[in-house]
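Visitor: Return atomic coordinates for the entry below.
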Amino acid sequence: MDHIYMDHAATTPMDKRVIETMVPIYEEVFGNPSSVHSFGRKARRYLDEARRTLARSIHADEKEIIFTSGGTEADNLALVGTVQANRHRGNHIITTEQEHHAVLHTVEYLEKEGFEVTYLPVGENGQIRVEDVKNALTDQTILVSIMFVNNETGVIQPIKEIGELLKEHQAYFHTDAVQAYGLLDIQVEDLGVDLLTVSSHKINGPKGIGFLYAKEDVKLNALQFGGEQERKRRPGTENVVGAVGFQKAVELAMENREERKEIYNNYKETFLQELAKHGIDFAINGDKKLTIESIVNISFPGTNVEQLLTNFDLSGIAASSGSACTAGSVEPSHVLSAIYGKDHACTTNSIRFSFGLFNTTENVIEAAERVASIVKRLTKK
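Guide: Modelled structure (predicted):
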């Protein structure tokens, strides 16, 4: 039985070209980038070139790129670092009910620290409303954090419109772009964002590295204490080999973006057509016209997440859900709860399928056939 990977939104396989780029760095570039001798200077050159590539990918200045250990650290630095540095200007934060837990759990911590947080609702199409952002703003608002693409539904949020709204407001604007990066054209000035989060392992790069874009005028406190790396914003010896691998992954993603979008969208359409052909009952969560090409979230009435994922895994299919399965009980997906309400059946019968480099048209068709067979068996009266 061939195993079929349909969970690229969780993590992606490393591109072999990325691995090939990293191996010589492991072998030959071991100097500390902060050292002044030739070994350190050699490492620094690689790090600086990687930083320039990342900056160009979002049309930013290299001084505005802060290397982190990934998206979660970047989100934490963006939120906690910014509000701590700007507490004298206000204590109000705006975010949404459907954010990744790297943001939600961080703002929950900030609430305990005395900050006031407004959680915006989500429409049935999976998007938040710009009008709701406008209505939530006060003269105490210092940060607005809204994800670019939802990691469960794949729905793209109106980031540019929100950026336009916030131009005349004191609040900094942060977006978690982890699921958007590599497929959407991101130009930070055009979008009006002040802070933006990216993770390498979502675009076929190495795990353990990401970056935070922080516009040069953003006041930001470091969360860790040590050396003066990353312009005193994130101490610690830099991960040079990870940065070089990340750089290669970014170059490949930028070079092949339009082609990948077309391929992934074809995979998604093929998958949905095959499910329909087999006559099973299913519905797409969120407005499909608003989604990124690589993600689809599907509700299967009459089933539950735990039995679906268990049977999918036994049949060799890797997919995922926003629902938490523990000890025989299913905690509803917080994203789908935000869209439909906590008691809606979709919150516990929906699965996210996400497409990427490990897929082919043939294995997507095979996966749809296996999924359809399992759903028919589970819903048989």
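Visitor: Show me where the stretch 51-200 of the chain has its strands.
Guide: Along the stretch 51-200 of the chain, counting by DSSP state E, counting those that start in this stretch, strands occupy 65-68, 92-96, 116-120, 141-145, 172-176, 195-199.
Visitor: now the residue nearest the centre of the chain: how far from residue 279?
Guide: Residue closest to the average C-alpha location in the chain (C-alpha atoms, centre = their mean): residue 178, at 2.7 Å. Going from residue 178 to residue 279 by C-beta to C-beta, to the nearest Å gives 36 Å. The way it works is simple: take the backbone N, C-alpha and C, and place the C-beta from them, glycine included.
Visitor: now the helices: where do they sit in this protein?
Guide: Along the chain, counting by DSSP state H, helices occupy 16-28, 38-57, 71-76, 82-85, 101-112, 130-136, 159-166, 188-191, 229-232, 240-255, 257-277, 305-314, 334-340, 361-378.
Visitor: Dump the strands of the stretch 51-200 of the chain into TSV; add mean pLDDT, distance to residue 242 and mean neighbour count as well.
Guide: Shown next, in TSV, are the strands of the stretch 51-200 of the chain (pLDDT from 0 to 100; distance: least, C-beta to C-beta, whole Å; neighbours: other C-beta atoms under 10 Å):
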stretch	mean pLDDT	distance to residue 242	mean neighbour count
strand 65-68	98	8	26
strand 92-96	98	29	24
strand 116-120	98	33	17
strand 141-145	98	25	25
strand 172-176	98	20	28
strand 195-199	98	11	29
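Visitor: Let's have these in a markdown table, adding distance to residue 33.
Guide: Conversion of the strands of the stretch 51-200 of the chain to a markdown table gives the following (distance: least, C-beta to C-beta, whole Å):
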| stretch | distance to residue 33 |
| --- | --- |
| strand 65-68 | 10 |
| strand 92-96 | 34 |
| strand 116-120 | 37 |
| strand 141-145 | 30 |
| strand 172-176 | 27 |
| strand 195-199 | 20 |
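Visitor: just how off-centre is stretch 372-381 within its chain?
Guide: Chain-centre distance of stretch 372-381: 32 Å, with C-alpha atoms, centre = their mean, to the nearest Å.
Visitor: What residues sit buried inside it?
Guide: Within stretch 372-381, the residues that count as buried by 16 or more other C-beta atoms under 10 Å are 372, 374-375.
Visitor: Give me the neighbour count for residue 355.
Guide: Neighbourhood size, residue 355 [other C-beta atoms under 10 Å]: 26.
Visitor: if we can go back for a sec, just the buried residues of stretch 372-381 now: which is nearest residue 148?
Guide: Set against residue 148, the nearest of the buried residues of stretch 372-381 by C-beta to C-beta is residue 375 (31.3 Å).
Visitor: distance of the closest residue to that closest one other than its chain neighbours from residue 274?
Guide: The shortest distance from residue 375 to any non-neighbouring residue, by C-beta to C-beta, 6 or more residues apart in numbering, is to residue 280 (4.7 Å). From residue 280 across to residue 274, the span is 10 Å (C-beta to C-beta).
Visitor: still on that earlier bit, quick check, pLDDT for the residue nearest to the centre of the chain.
Guide: On pLDDT, residue 178 comes in at 98.
Visitor: how near is residue 170 to residue 146?
Guide: Going from residue 170 to residue 146 by C-beta to C-beta gives 17 Å.
Visitor: make that residue 209, sorry
Guide: When residue 209 is compared with residue 146 (using C-beta to C-beta), they lie 24 Å apart.
Visitor: now do residue 33
Guide: Taking C-beta to C-beta as the measure, residue 33 falls 34 Å from residue 146.
Visitor: likewise residue 189?
Guide: Per C-beta to C-beta, residue 189 is found 18 Å from residue 146.
Visitor: Can you report how many residues lie near the residue nearest to residue 122 when sequence neighbours are not counted?
Guide: Excluding its sequence neighbours, the residue lying closest to residue 122 (C-beta to C-beta, 6+ apart) is residue 338, at 4.3 Å. For residue 338, the count of nearby residues is 23 (other C-beta under 10 Å).
Visitor: Kindly report the same for residue 21.
Guide: Residue 21 - counted by other C-beta under 10 Å - has 18 other residues nearby.
Visitor: Hmm, residue 244 and it touching each other?
Guide: Yes. Using C-beta atoms under 8 Å, residue 21 is in contact with residue 244, at 6.1 Å.
Visitor: Do you know the pLDDT at residue 81?
Guide: 98.
Visitor: Contacts only, for it.
Guide: Going by C-beta atoms under 8 Å, 6 or more residues apart in numbering, residue 81 touches 220-223, 233.
Visitor: And residue 120, by the same measure?
Guide: 94-97, 128-129, 132-133, 136, 146.
Visitor: again, only using 10 Å
Guide: Residue 120 sits next to 94-99, 128-129, 132-133, 135-136, 144, 146, 338 when contact means C-beta atoms under 10 Å, 6 or more residues apart in numbering.
Visitor: The spatially closest residue to residue 54 that is not a sequence neighbour bridge partners, please.
Guide: In space, and not counting its chain neighbours, residue 54 is closest to residue 65: 5.2 Å by C-beta to C-beta, 6+ apart. Note on residue 65: beta-bridge partners residue 213, judged by DSSP bridges.
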